[in-house]
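**Q** pasting the sequence and the predicted coordinates here, then a few questions.
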Amino acid sequence: MKNLLEHMGIEPERLHFSWISSAESTKFVDVATKVTEAAKSLENKEKKFVKTKPKVA
Amino acid sequence: MKVIRIDKNDWAEGIEKIRKTYSLIGPVKEKFYHIFANLGSGQMPDMEFTNSRISPKYIIYPQSEIILKCSMNAEEEDYKIYREPEDKEYKEKAVLGIRPCDADSLPVVMRNFDTDEYKDPYWLRAFETTTLVGLACDAPCPSCFCTSAGSGPYNHKNLDVMLIDNKDHYLAEIITEKGEKLAEAAGWQDKAEGIADEIAKRKSDAESKIESNVHTDNLAKQPLLDLYEATSIWEKAAFACINCGTCTYVCPTCWCFDIQDEVYGREGFRIRNWDSCMYPLFTLHASAHNPRGTKLARLRQRFMHKLKYYVDKYENGIQCTGCGRCVRLCPVNIDIRRICNMMNSYDPETCTCEATVS
Amino acid sequence: MKSYTDNIKEISKRLLKEDKVDMVIGYRTGSVPLMHQPFFAQNQEEVDEFVWDSNCGLNLANYITDRTERIGILATGCNSRNIAVHIVEGKIKREQLYIIGIPCKGMVDRHKLSAMADGDITSVEDENNGSITITGQNFSKTVDKAEVLQENCSVCVHRNPVIYDELAAEEVTEQKRDDVDPYARVKEIEALSPEEKWAHFDDLLSDCIRCYACRNACPLCYCPLCFVDESNPQWVGKSIDHTDVRTFHFLRAYHCAGRCTDCGACVRSCPVGINVRDFTKKLEKDCLELFDWEAGLNTEQRPPLDTYRPDDPEEFIK
């Protein structure tokens, strides 16, 4: 899934997989922070796979 | 009827002039085939095309169209009250190079969108603001059968202007007032006299190039239920059919649609999209029952609608103009000519029919 | 040497006569060039309509899903692999089938040929010496078949059927992955930057009219209700919005991961000529690299995304 998304042009930083147990709250916070930062630091801010208004023709 | 002569050297200049009052749509080669597209400033229509891959019906009847809008903000007065969008534009537009078969599909579709009971405002407004500058067809495809489907390569009945390519110039038949207005705006006024015979000859030449035809004389007389139950027609065709919507989406006369609501933030949109009788979802009831639950039933519906129900209901020929697109593009070669001839020749006594494509 | 068509007719007639099968699924000549029609024969006369040449590019495995009859079916390399996938996934029983194996020399690309012609093609001659002649009103052109093969056929490494009961011709030499790179095009896309990739697929899908011919021509897409047709909840919008169009293609492809045999039916059936394989071929490559897996090579193993193995690659989990 990650590979195909990247193949289509989604930046690798936008999709992240981690094993986090329900007991590992600090790890969750840590991962979430890192992923958000990675996504924010991307040069391209264009939202992909987000519909903002209907495109019709 | 007035015929004018447009020198090809004056063609571009005329186009530039009408650009001021009309938005222009014309054939453009995209990737490896032609489509009808909006012509940007300075862009000329490619009049050397055969026909567009997909029918130009979307000019008047877009594949997806916003028909109503509403506020999804609970604090506003018209919360969830659907209204026509204010920003819908119906600017005068001109379609350059539309083929007679595609223009002839418009009155067919109109029978659905303009009835005594219901008038579809979107279709009608788009239709009324469109001027059709047709291009007579001198080199029809081998799979065209317009002459036996109520149309023809030089059929100008549903055009406003019909252009005939005549080497260094076009002969333009001015058919309607809309056409007159457009020719005036373009500054094309050079009257061509004494060419009626030549046009008639060109017409019959073009017609003789149409190699295939369908037989429709018997369709109205055929007993409806017998055709409906004619397994010999439906079984083999339905086997091959993969129930995609290609035939219905490329067809200029298919008019069915589906309504969808979509919400974006605090705005709601009601969108009309083309639909296809080939899809199971087309007839799926809320109860989960599907009256056309099988592939055979759906395939039969398409052909019965075009070649029987329509024929019986409107008494105005078949719901097909012979453009041949479905013949060329069906991925499994289900040929409407073959099916039509089978329906026409079906003998309820013996349950047999002739499967010919000529 | 007897032609493929003759052998196919002979075998089919025998099967029907000996009552080994109720029907044989093959092709009959289409009413327009480059387009043969999938067709089933139940008697000797119908068998006479059978034809086999380079215009039989759909996948006949699509036509046996959930059928209950005893069926004779023609199967090329990719078709036979899809039959195997069907058997593994319980869509048909091996005992129901009599597979007539067709060592395949590839199918011609109808989009390519039409683009090469100076006008409309009225007839196509498939010479046995590996050339194709197309004729129209004012032209006639002979081309090397290798040049006009469907892209999936030109890089195919399984031309011979993997399961069959009988062959209709001698096996053909297989191409080796070292000689033809099946993934050359995938690698080209992989080399692009994310923005370029996004733009590539935007352009690829810009003509899509959502007729779903690709989905319906695919033998893998047999779900009674496709996710794009689901309305409660509704996953995907139905307009021609780019996001919805891309979601459809992306998710459909993903549903085929590890099951796709690159038969090319999706590309062949597309009315606007979209190379749907730009999605599916990437998944095929990933399955080969990550799981050492090629779909449909046997009738026992379930596809990798269907099973769990302790040694499944997990480098993506960080």
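**A** Done, it's in. Residues are numbered from 1 along each chain as shown, chains lettered A, B, ... in the order given.
**Q** which one's the longest helix in the chain?
**A** Since you didn't name a chain, this refers to chain A. Counting residues, the longest helix found in chain A (DSSP state H) is helix A:25-40.
**Q** ah, no, chain B please
**A** Under DSSP H, chain B gives helix B:196-208 as its longest helix.
**Q** who's in contact with that helix?
**A** B:Val3, B:Ala136, B:Cys137, B:Asp138, B:Pro140, B:Thr147, B:Gly152, B:Pro153, B:Tyr154, B:Ile164, B:Leu171, B:Glu173 (CB atoms under 8 Å, 6 or more residues apart in numbering or on different chains). C-beta here means a position set from N, CA and C on the backbone, and glycine is covered the same way.
**Q** go through the residues you listed and name the one nearest C:Ser54.
**A** B:Pro140 (27.2 Å; CB to CB).
**Q** what's the burial count for the closest one?
**A** 26 (other CB atoms under 10 Å in any protein chain shown).
**Q** list the contacts for the spatially most central residue of chain B?
**A** Centroid-nearest residue in chain B, with CA atoms, centre = their mean: B:Pro252, separated by 2.2 Å. Residues counted as contacts of B:Pro252 (CB under 8 Å, 6+ apart) are B:Ser55, B:Pro56, B:Lys57, B:Cys101, B:Asp102, B:Ser105, B:Val109, B:Thr321, B:Cys323, B:Arg325.
**Q** for the stretch 1-150 of chain B, just list every one of the strands.
**A** B:2-7, B:23-30, B:33-38, B:64-71, B:93-98, B:130-135 (DSSP state E, counting those that start in this stretch).
**Q** out of these, which gets nearest to chain A?
**A** strand B:64-71 (4.1 Å; CB to the nearest CB).
**Q** what's the mean pLDDT across that closest one?
**A** In this model, strand B:64-71 carries a mean pLDDT of 94.
**Q** tell me if it is near chain A.
**A** Yes: against chain A, strand B:64-71 shows contacts by CB under 8 Å from any CB of the partner chain at B:Ser64, B:Glu65, B:Ile66.
**Q** distance of the residue nearest to the centre of chain B relative to chain C?
**A** 14 Å (CB to the nearest CB, to the nearest Å).
**Q** hang on, the earlier thing: out of the strands of the stretch 1-150 of chain B, flag the one nearest C:Ala257.
**A** Nearest of those (CB to CB): strand B:64-71, 29.5 Å.
**Q** packing partners for the closest one?
**A** strand B:267-274 (3 or more CB pairs under 8 Å, 6 or more residues apart in numbering or on different chains; DSSP states H and E).
**Q** quick one: contacts of the strand it packs on?
**A** So strand B:267-274 is contacted by A:53-54, A:56, B:63-72, B:80, B:82, B:122, B:245, B:248-249, B:254, B:256-263, C:238-240 (CB under 8 Å, 6+ apart).
**Q** ChimeraX command for the buried members of those?
**A** Of the contacts of strand B:267-274, the buried ones go into a single ChimeraX selection, burial set by 16 or more other CB atoms under 10 Å in any protein chain shown:
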select /A:54,56 /B:63,64,65,66,67,68,69,70,71,122,245,248,249,254,257,260,262 /C:238,239,240
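**Q** hang on, the earlier thing: list buried residues within the contacts of helix B:196-208.
**A** So, by 16+ other CB under 10 Å, the buried ones in the contacts of helix B:196-208 are B:Val3, B:Ala136, B:Cys137, B:Pro140, B:Thr147, B:Gly152, B:Pro153, B:Tyr154, B:Ile164, B:Leu171, B:Glu173.
**Q** circling back to that earlier point, the longest helix of chain A: which residues count as buried?
**A** A:Val31, A:Val35.
**Q** all strands for the stretch 151-300 of chain B, in order.
**A** B:161-166, B:169-174, B:257-264, B:267-274.
**Q** can you redo those strands as CSV with distance to C:Leu16 and mean pLDDT?
**A** Listed next are these as CSV, based on distance: least, CB to CB, whole Å; pLDDT from 0 to 100:
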stretch, distance to C:Leu16, mean pLDDT
strand B:161-166, 54, 96
strand B:169-174, 59, 96
strand B:257-264, 43, 92
strand B:267-274, 42, 94
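**Q** which residues touch A:Ala32?
**A** Applying CB under 8 Å, 6+ apart, no residues qualify as near A:Ala32.
**Q** which residue, other than its chain neighbours, is closest to C:Asn43?
**A** Closest residue to C:Asn43 apart from its sequence neighbours, by CB to CB, 6 or more residues apart in numbering or on different chains: C:Leu16 at 6.6 Å.
**Q** which among the buried ones among the contacts of helix B:196-208 gets closest to C:Val155?
**A** B:Pro140 (37.7 Å).
**Q** which residues does the closest one contact?
**A** B:Cys146, B:Pro153, B:Ala206, B:Lys209, B:Ile210 are the contacts of B:Pro140 under CB under 8 Å, 6+ apart.
**Q** so which residues on the stretch 51-200 of chain C come close to chain B?
**A** So the stretch 51-200 of chain C meets chain B at C:Leu58, C:Asn62, C:Tyr63, C:His111, C:Ser114, C:Ala115, C:Gly119, C:Asp120, C:Thr122, C:Gln137 (CB under 8 Å from any CB).
**Q** those residues in strands, which ones?
**A** Among those, the members found in strands (DSSP state E) are C:Thr122.
**Q** how about the helices of chain B, start to end?
**A** Under DSSP H, chain B gives helices at B:8-18, B:100-103, B:105-113, B:121-128, B:177-186, B:196-208, B:224-228, B:231-240, B:246-250, B:295-304, B:310-314, B:325-329, B:336-345.
**Q** tally of neighbours for residue 50?
**A** This is for chain A. Around A:Val50 there are 7 residues (other CB under 10 Å).
**Q** I was thinking of chain C, sorry if that wasn't clear
**A** 22.
**Q** just give the closest residue to it, not the sequence neighbours.
**A** C:Phe50's closest residue in space is C:Gly26 (CB to CB, 6+ apart), at 4.7 Å.
**Q** check contacts around the closest residue to C:Asn275 other than its chain neighbours.
**A** Closest residue in space to C:Asn275, ignoring its immediate chain neighbours: C:Val267 at 5.7 Å, by CB to CB, 6+ apart. Taking CB under 8 Å, 6+ apart, we find C:Val267 in contact with C:Gln150, C:Glu151, C:Asn152, C:Cys214, C:Gly273, C:Ile274, C:Asn275, C:Val276, C:Arg277.
**Q** do the same with B:Thr246
**A** By CB under 8 Å, 6+ apart, the neighbours of B:Thr246 are B:Cys326, B:Leu329, B:Cys330, B:Pro331, C:Cys211, C:Ala213, C:Ser269, C:Pro271.
**Q** how about the nearest residue to the fourth one once chain neighbours are set aside, what does it touch?
**A** Right, the one you point to is B:Pro331. Spatial nearest neighbour of B:Pro331, chain neighbours left out: C:Ser269 (3.4 Å); criterion: CB to CB, 6+ apart. Residues counted as contacts of C:Ser269 (CB under 8 Å, 6+ apart) are B:Ile242, B:Cys244, B:Thr246, B:Pro331, B:Val332, C:Leu58, C:Ala213, C:Cys214, C:Asn216, C:Ala217.
**Q** could you rank those residues by neighbour count and give me the top one?
**A** C:Ala213 (30 neighbours).
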